[in-house]
Every structure is written in C-alpha cells, then in structure tokens.
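# got a sequence here, can you build the structure:
(chains A and B)
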Amino acid sequence: MSEPAAELVRAIEAIRNSAQQSASLVASKDDLEKFRIEYLARKGKVGDLFEQLKTVLPEEKPALGKELNSLRTFVDELFNSASQKIGAASAAKTSFIDLTLPGRGKPLGTRHPITQTLDDLRGIFSSMGFGVVDGPEIEDDYHNFAALNFPPDHPARDMQDTFFIEGDVLLRTHTSPVQIRVMEERKPPVRVIMPGRVYRNEAISARSYCLFHQVEGLYVDRNVTFSELKGTLVAFAREFYGRSLKYKFRPSFFPFTEPSLEMDITCFLCSGKGCRVCKQSGWLEVLGAGMVHPKVLKNVGYDPEEFTGFAFGLGVERTTMLRLGISDIRLLFENDVRFLKQF
Amino acid sequence: MRISSKWLARYVQFKISPEVLAEKLTSAGLEVEGIERLGEKYEKFVVGEVLSVRKHTNANKLTVCSVDVGSKGGKEESLLPLQIVCGAPNVAAKQKVVVGLVGATVPRNQHDPDGKPFVLSKVNIRGEESFGMICSSYELGLGNDASGIMVLDVSGKVGTPLASFLGMDDVVYEIGVTPNRPDCLCHLGIAREVAASLKKKAVQEKIVLHEDKKSSVKKAISIEVKDSKGCPRYTARLVTNVHVAPSPEWLQSYLKSCGLRPINNVVDVGNFVMYECGQPLHMFDYGKIAGKKIVVRNAAEGEKFRTLDGIDRTLSSDTLMICDAQKPVAIAGVMGGMNSEISDATAAVLIESAYFAPSGIRKTSKHLALQSDAAYRFERGTDPNGTKSAADRAAMLLAEIAGGVVNQGVVDIYPHKIKERVVRVRTTRVNKVLGTDLSSQEMKQLLSPIGITTSPGPKGTFLCTCPTYRPDLEEEIDIVEEIARLHGYSKIEDKMVSAIDFSQHVSRHSEVGTLRASLEGLGFNEIVTNSLLDLELVAPFSSDIVKIKNPISKDLSAMRPNTVFSMLQTVYHNTNLGIGDLKLYELGRTYAKAESGEPASVVKGYREREILSLCMTGRREPTGWHSGAEMVDIYDLKGVVASLLGKILLDKFQFICYDSRSPLTEQTIAIEIDGTYIGFLGKVKAELLKRFSVESDVYVSELSVRDLIQGEAGVKKFVPPSKFPSVKRDLAFILGKDVLMEAVERQIRKSSGALLRDVTLFDIFEGKPLPEGKKSFAFTLDLNSGAKTLTEEEASQVIDAVVKDVCREFNAELRSS
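Numbering: from 1, shown residues only, chains lettered A, B, ... in the order given. As a prediction, this is how the structure comes out:
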C-alpha cells in the first residue's frame, strides 16, 4: 500500500470516529447545520477525502473509493438520525397549546330591550300587512286631542297629563295623533302601525316615567268590524305572547274609539294563579283598542257611513318589562351597560 | 270609586259572590280594581256571654271563665260552653264580651312592645285549659284601652260574628269609572249595571215627604240665577228645626265603607245622597244667608273667597259663584265657603241641588287647582232632571235623622228643560260595525235594563230614548257600544280577514336595521335616553331650544338639541359605576325651533331630526392576554363611521377634516354626501366634559338618519373580480412631518392610473434614523389590469411614475429598506 493510500485509510477511520462523536452532540438546528457544513458540504471533510483519492495509485482507487462511499453513507445516516432527533424534540416543544386561554374574539354589542320589543312588534304586524308610519313628537292640540274627539275642557284630558311647549303646541301624549296625520294624507284603505315616543307629565318613579314608547295600529276600509278587530288582536297576541295564551276583552273608554275595549291575557308570570305583578287577578292588561269613532273619521274627511275602522295601542315599556321581569321602568332609561349587556 | 256591597243591596238583590259580581261589572266596562272585605280581620271573633267566673287555683291574678259563644266554638258541641282563662280585672259573669276563638289572629298583642299580631291556639295555663281569649279593645285595634276586656252592650247576640256586630261585615268594590260614565259614580248607577247583568231592574227607594203646611220655602228664600248657561237648573229646599248631631251608626258605616269621614248628620246626608244617586248637594246654614236671597252670578275678577278648607282663593271673572244678598257663600259646584258652613248651632238647612254646566266647573276647578267630590261629578256631567228628587231625598233624611221640619214647596229655577236625547239606530249599521248578526228585538232587550227605552222608527231602525243621566249617549255609535258591551264582548266572534296595505309610506326600517346590526357587530351597546334635559345645561350651546312650559322639574325642562348631552350623561352614569370602557349608540331624535326659512318637520315652527349617535370612551378593547390597554382615539371612531357609511352609502360620502361646524367637539371631521352636511365625528371638548363631570376623553359622532338613508347607494352593481393575480409593491416615502396622508394617497391614485386596484397605508414611522422633522409613510399598491397578468416591466412603469410624482410633489424621497 502506498503511503498516500495508507494515509487516506487512517483519515477515513479518524473522520468516521469524529463524525460519530459530533453527530451525538447535535442538539439544535444550528448544530446540525454546522455538522453538515463540517462533513457533508462540497468543501467538507468527506469531500476533502474524495479529493485525496486522486493522490493514490490507480490500482488502489476502486477499493478506497468503496471505502469512501461507505463513509459518506455512514455520515449521511448520522446526519439524518441527528436531524430526526432534533426535529422530534422541537415538535414536542411547540405542540403544547393552552387551549383554555380565552379566544381573541371581540364582544358583540347589544340591542336595547325596548328596540327588541319594537322589532318584534313591527315584524308581526308587517307580516299581517300593516305598513309602518312615523309622526312628530312635538304636536299640536288639534292632532293630539281635538281631532281625536277630546273636547276642550273635558275630563278625558285628565287621563293624559301633558307637557306644553307654547300656544297650542305640546309633546304628544300618545301615538294616536299619527292616526289623524296618516288619514289626512291618504284615502282608505289604511292599514298601518305607528310606533313612537310619547310623553306624560308624571313624577318619575319605579312605575312611571316622563316618556315611554307606544305602538299604535290603524285599519280603515269598507266593512272593517269589531269582530275583525278582536280577530286581529288575538292573532297578534298569540304570535307575540304564545300560542297557548288565554285572553279576554273588557269594555273600556277612549274618546277616539267606540266601542272601546281593553285586552287582558293570562298572567304569564304566574300562569293565572295570581301574583304581585297581576295584582293577584291572574290577568294582565296588555292593550287598548276600539272602533274608530265616527267623529274622528269625519274630522279627517272620511265618510263614516262608507268606511269603518279600528285602532289599537300598546305600551312598549310595559310589554318589555313584563316579558323580561323588570320591575322598575327607570332601569330602561339609565343605560347601565351591565344591564344592557344582558340582552 | 268605592262601592259598598251592603249599600248596593238596597237597590238590587243579588246572591252572587263578590268575585262573580266583580267579573260581571268588569265585563260591562266598570273595571273592579280591588275587592276589600272590611270584616276580614275579625274572622273567628264572636260575641260571647260570660256564664260563670272562678279563681284560678294556681295563679292569683287569673280567672277561669265559662263562656257561651253559641255553636261556633270550634269544639265539639258537647264541650260548649268554652273554658277560657282570663287575666283582666274587670271580667264578670253576665257580661257580653268579644271572644277570639282558637285560630283567630289577634290584631295587637298588648304584651309585645310593637303590638304585633298573634294567632290563638288551645293552651294550658298553669294546669287550666283555655280555648280562646276574651279581648280588650286595644287587642282588637278598636281602641287604646288595654287595662281590661272590652264589655259590649247587653243587646249583643251570642255567637254573632264581631264584624257584623260592629257593622263591619261589608264588602267594598274599588271601581275604576272611566270619564264617560258619570252615572256610575254612585250606588244607584252601579246597581243599574248589576241589575242589567242579572236581567233584573234596579229600584230606587221611595221618597216620602211630610211637608209642614204652615211653612213655605218660597217665602223663606228668593233665588235668582243670572247665568243660566253656567247653571241651567237650581233647585232648593229648606229644612228647619234641625238638630245637628253625629249621624246614626248605619249612615256612618256606609260613609266609612266608601272612604268618607262622617262629620255630622246634615253634612253626612248630603254625602249620602251624592253617593246614592250621583247628585252633589250643598248644605247651607240658612241662618247665615243674608237677605234670604241666593244669587247665582259670576265672580268679580280678583275677588277673594275663603273656602271650607280654610284657604283664601282668588277668583276670576268666569268663576260661577253662589251668593247671598251681600257676599259669595260658595264656589258653584266646587266648594262651599266657611261663612255659610253647617255648625253645631245650625237650626235651618238650605239644601242646594243644582245642575252646573260641566265645562265651566272644570275650568274653575283647574284654575283654582281645587278638586272635590262635587266638582268631579259636575265636570263629568250630572243628571239635570235628577236635582229635585235628590233635594227631596235629602229633606226626607234630614227629617228622619235630624228631626228637621221640611218646609212646604221647592224652589226650582229651570228655564229651559233639558230633554232626553232620542237616537235613531239602524239595525244593519250595528251589525256592520260589530260584525254580529243581532236582531232589533235582541238589541232592544239588551238596552232596556239600563234605562234606554226604545220605540219603532222608520224602516230598519228603532228609536232610543236615552236617560239624561247618561250624557255620553249622543249618537248611534254610542248605542252600538252599549249593545256590544251588554251583549258581551266575548260573544262577538274573533274573525280576521287579511288585508295587505301597499302604502306609499314604505318603512325604511331595513336600512336602520342594517345600521343596528353593523353597530352591534362592532361591539356597540344600544342605549335609549331621556329626550328631556336641563334647560340651563343646554342653553349655552344652542339658541333655538324647545322649552317645556310646565316641566316636572328643572332638570327636565328642555327638549334636547343634540344627542351628545345624553351620551355624556350616560358616560357619567356608567363611569360612576366603575365602567369606563364604553361603546354606545342611540337612534333618537333631536329637537329645535325651526329657524325662519327652514322648513319645519311637521308642526310649524318646530323641527325634529332622527339622529344616529355614537360614543366611544375608555380602552380600545377589553384588557386581555393578547391586548394591551390602549385608549380609543379619533381613528377608532373614524374607522367605525367609515365602515358604517361604506355599508349604506358605498363610496358616496366624503370626510371633511378639520371641520369647525360642531360646537361640541375638537378634532372634528364632518361627513358630507355630495356637499350636503349629514353629521360629524370628533373629540368632545374639555369644557363640555367638565360640565358633565366626565374625566376621560370621549369621542362622539352624530349622523342624520334621514340623509343617510336617502343617500343610500341603492341596488349594488356587480363588479367582476379579476381572474388574474395582482402584483403587490410596497413603497416607503420620507416626507415632511406636516404632509397629509390623504394628499399623498390622492397623488398615488392619480399617478398610477387605471391599473391601481387599491392602495393601503401599512406603516407610519418617525424618529431615528430619520432626520428631525421627517416621517415615513409606507404604502402597498395593488396593481391589476383585470385582463391579464401584469409583467414585471408593466408594474415597474407604474411604480416609477408614482415614485417620481410623489417625490416631486411633496419634496419626498424613497426610503431604502
């Protein structure tokens, strides 16, 4: 064996040993890369030995070449196993995810309970073919009272304590003036609801506030009857309060309707057994209604002989409070966000 | 209105339970709001007789009594009478006493410092059994004597329940009488309704008068009515030789049941008649009427008068007064005067029974802020044809219980008789309004029990004669209502014939719904606030404020001119509760007096606007493991507004920065649609925050909902997305600090032409290594032709043009990476 050949054999042995040792020390990607550069790169230690192969005798080349190939395979394997080792370790390190952390979602906003009730009411009446109409909150005496058959100096006006602005201008005490405005503008048939804010000059307490919301309904056409009014209210109440609802109608008085009624439903808080909310009666008053008074029809230029109609109205706050079990109306206007976020 | 069951039974017989009666009245339109059983607390208390008394062998102060309580002792019959141990010193055989039986609740415990009630049970007291208790007046709540037992009059019948012995076994109905039914403000009126529901007829008690033939009321008094419009009828009677004293027990107990305080027999008779038939009476001390003369006339403007309640009133010239020859003695229909009040010395009583016009009484009562039982009835309308019988009834009772002598005759000034109204009713019309199929015979039968008499009318009709105590029955529809309620609402079928209204008032609710849903998605909580505010608070910020003439209180004296104040109040309220991170929205109105030349919303001179208002304050996000505690700033709100407007208006709106039109904010950005101002966003000025005691920065926006919705982009047109990938290039420029982003962006758009799909600012940088006074903006440009993939060269051409133009226009340079 020539001297160069003998030297190559020794070198092969030395590198085999050192590579094995180095590979065992590889602990990171950096280490692995260093290992690759040291041994397997073009100018690495294994590559150098292939260069040295040129220095040996031709007859010695096949055997030594085989040795070198076997060294390269050996180092490749060292690299691969070292690579697998650190891969598994890093995989193990990154696979720990604390899934109990809260998500990055942002809290959604909320709709005020009054609006939710209004949305529900609008939805039901829209599906029954009622349009939606708005009216002013600053009203005149004519639309708020006189046209609705409240004679001047009549005790019926005491039913609604009024805020006055100046002259005959006032804050509407109910949404009924919108009935007049709609009928003044249009010819029958009229079939609309009129939601809105109304004002009463009453001391603020748990049970009353200086303003609240009403939804007024109006249907005027040929052949509208009291029977149809009842049917419409029952259909509405079943949809809104529940299909199993029990109800009754009582005669009542509103100057702008005749005959007038109030509708009671079984108290859904106590199922009619009697509780604090229904004052032990088992019934809850939910709305007032009636046939539009012929004088009101005349006031807007409709012929009461040709047309009849019905109107109804309900209080949104009262309805909301009953549904949600809220006992103090002021909560609805204080806007404590801890309250609002519950809905 | 309190109605006594016992009193009611004088006019109509009924054998139904209070609950059933209440139900019947309620379904007739007289809502029974409550039923009170007066004697309820004396259940299990009876009248007993002490048969024998012996000393308790083991206790000095106690006695063992044998007491007869009839058959209701709650013990087996054979064990009666009851053995009761008693500690009172005054107990003795033969006494009639009040016995509380086992199970009774004694209203007051005299051994308890608070006098709390307790329940009686069978007890063993030192070896002697005791089956109940003999009570003191203190224990029963009937007096304050706790020193011994209450000893009753010997006439008390053994076994009588205490409540009925005391005349307290009445049931009182609290009835909500609507303003159209003055006829039901008395027992006879309610009796008529009860009778109608039972298919009976109410009967008034017969009035029997024994007039003194030697006397004559016409000689004793002359009456002159100067205002027969205000006083269409004035009836008077005179009763002399009256002995003023407390009323008999039965009368007192009736009045007490109705919540009235018995005063003396004369005043009580007046109240009795009013609560019986609804006619308010006034009792004058005849001796105090100067000149034997009554004049009904208007007051002089500013005239002073002291009413019965001792208050001096200032009258106006339209106040109707009852006067004697010298002075006013009563405010007609409202309240009498001290100068003619009944006293113990009164010997002759002038009974006034008049009919006053409702609107005059109401004006006076409002003007003087003086309510009374009489005014309440007159302003609703009493029966003009019932004054005489009421006066007769009062005279009869005064003779009976006050020993009076009824003078012969009655003065009755009634120049124009008010006749019963006759209303023509068409059978078909009734059925058309109600949706029923009633025959005219059925209708007539329903109307008869409430006093409406019917007679045949022209074909298909009948005539209804309506009693004058029903002023609400004026026309056909009123009779329709009577028929409906007497027939029973429950018997009218619930029918629904669907009808759709294609109204020209299309609801814009869907757009408002989009706004709400978007805001809720962005984390905003909706609020609903009071639209009334303190005038002093809002006045400095607006000149055209709508003021409330009669506010409940100073802090609710004006209509809000903007929604920012409501927002700040809400922020303050929540901050006080420890909640400082708020995102709020409200859809509400603002109000103003319409300036000249500006069209009013509806009512002339006033304008209402629907406003969407937004408010952000506190931290940007709730603190969490992934977010810091950055506070919101103007860009947070600007982003929200941009998202919202983009949703509704697409790109039809403009932000006008550095705007000065909002007096409430700084850092203000106005929003315009085609040059029309629709609102603003900005940071609330410090001075305003201070006014509302808010300490953190608050950002608000107000947008006109109407403009927003009218400006809606409408049906969105489809733009096909490019099939080819975009080329994205980043560019960073170094610019002077005061260069506005918007200007640079506009230049980029201009220079890059049609290939630019989008430009986004992705970084702003200031400080080292940049020189002082410089900043860098970094943009991403998205280039796409839509027709093909751009080549490297085509993209570079655009970028080169942009770089050249921006550097030239803004004295900028490209920042190398």
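
# just the helices in chain A please.
Taking DSSP state H to define them, one finds helices in chain A at A:3-25, A:29-35, A:45-52, A:61-94, A:113-127, A:141-144, A:176-185, A:226-241, A:294-299, A:316-324, A:331-334, A:337-340.

# can you add distance to residue B:149, mean pLDDT and mean neighbour count and give these back as a markdown table?
Using the backbone N, CA and C atoms, a C-beta is placed for each residue, glycine as well. Formatted as a markdown table, the helices of chain A follow (distance: least, CB to CB, whole Å; pLDDT from 0 to 100; neighbours: other CB atoms under 10 Å in any protein chain shown):
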| stretch | distance to residue B:149 | mean pLDDT | mean neighbour count |
| --- | --- | --- | --- |
| helix A:3-25 | 110 | 86 | 15 |
| helix A:29-35 | 105 | 85 | 15 |
| helix A:45-52 | 124 | 84 | 16 |
| helix A:61-94 | 93 | 81 | 14 |
| helix A:113-127 | 59 | 93 | 18 |
| helix A:141-144 | 63 | 96 | 20 |
| helix A:176-185 | 62 | 96 | 22 |
| helix A:226-241 | 56 | 94 | 21 |
| helix A:294-299 | 66 | 97 | 20 |
| helix A:316-324 | 51 | 91 | 20 |
| helix A:331-334 | 53 | 94 | 19 |
| helix A:337-340 | 57 | 93 | 17 |
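
# tell me which of the ones you listed sits nearest to chain B.
helix A:226-241 (2.7 Å; CB to the nearest CB).

# I figured residue B:630 was touching residue B:620, is that so?
Yes: Residue B:630 is within contact range of residue B:620, at 4.8 Å (criterion: CB atoms under 8 Å).

# the two: which has the busier surroundings?
A direct count of neighbours by other CB atoms under 10 Å in any protein chain shown for residue B:630 and residue B:620 places residue B:620 higher, at 17 against 11.

# what's the spacing between that one and residue B:640?
11 Å (CB to CB, to the nearest Å).

# same thing with residue B:310?
From residue B:310 to residue B:640 the distance is 64 Å (CB to CB).

# neighbour-wise, which of these two wins?
residue B:640 (23 against 7).

# ok, the more buried one - contacts?
B:519, B:522, B:524, B:614, B:616, B:701 (CB atoms under 8 Å, 6 or more residues apart in numbering or on different chains).

# can the helices of chain A go into JSON lines with extra columns for distance to residue B:570?
Shown next, in JSON lines, are the helices of chain A (distance: least, CB to CB, whole Å):
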{"stretch": "helix A:3-25", "distance to residue B:570": "67"}
{"stretch": "helix A:29-35", "distance to residue B:570": "57"}
{"stretch": "helix A:45-52", "distance to residue B:570": "77"}
{"stretch": "helix A:61-94", "distance to residue B:570": "47"}
{"stretch": "helix A:113-127", "distance to residue B:570": "15"}
{"stretch": "helix A:141-144", "distance to residue B:570": "29"}
{"stretch": "helix A:176-185", "distance to residue B:570": "28"}
{"stretch": "helix A:226-241", "distance to residue B:570": "29"}
{"stretch": "helix A:294-299", "distance to residue B:570": "39"}
{"stretch": "helix A:316-324", "distance to residue B:570": "18"}
{"stretch": "helix A:331-334", "distance to residue B:570": "8"}
{"stretch": "helix A:337-340", "distance to residue B:570": "9"}
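
# and residue A:285, which of the ones you listed is closest to it?
Comparing the helices of chain A by their distance to residue A:285 (CB to CB), the top pick is helix A:316-324, with 8.7 Å.

# surely residue B:175 is within a strand?
Yes: under DSSP: H, G, I helix; E, B strand; the rest coil, residue B:175 falls within a strand.

# so for it, what's the pLDDT?
Note on residue B:175: pLDDT of 96.

# if it is in a bridge, with which residues?
residue B:32 (DSSP bridges).

# roughly how far apart are the residue positioned nearest the centre of chain B and residue B:284?
The centroid of chain B falls nearest to residue B:176 when counting by CA atoms, centre = their mean (13.3 Å). Distance, residue B:176 to residue B:284, by CB to CB: 33 Å.

# also residue B:109?
Counting by CB to CB - residue B:109 and residue B:284 are separated by 49 Å.

# the two: which has the busier surroundings?
residue B:284 (27 against 14).

# let me see the contact set for residue B:582.
A:337, B:525, B:570-571, B:574, B:615-618.

# let's have these in a markdown table, adding distance to residue B:684 and secondary structure.
Below are these laid out as a markdown table (distance: CB to CB, whole Å; DSSP: H, G, I helix; E, B strand; the rest coil):
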| residue | distance to residue B:684 | secondary structure |
| --- | --- | --- |
| A:337 | 18 | helix |
| B:525 | 18 | strand |
| B:570 | 13 | helix |
| B:571 | 9 | helix |
| B:574 | 15 | helix |
| B:615 | 9 | strand |
| B:616 | 11 | strand |
| B:617 | 9 | strand |
| B:618 | 13 | coil |
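
# show me which of those residues is closest to residue A:152.
residue B:570 (39.7 Å).

# so where is the stretch 401-550 of chain B shaky, pLDDT-wise?
By pLDDT under 70, the low-scoring segments of the stretch 401-550 of chain B are B:498-509.

# count of neighbours near the residue in it positioned nearest to chain A?
Closest to chain A within the stretch 401-550 of chain B is residue B:435: 2.7 Å, counting by CB to the nearest CB. When neighbours are counted by other CB under 10 Å, residue B:435 registers 21.

# and it, what is it in contact with?
Residues near residue B:435 by CB under 8 Å, 6+ apart: A:225-228, B:492-493, B:495.

# same check on residue A:64?
By CB under 8 Å, 6+ apart, the neighbours of residue A:64 are A:5, A:8-9, A:53, A:56.
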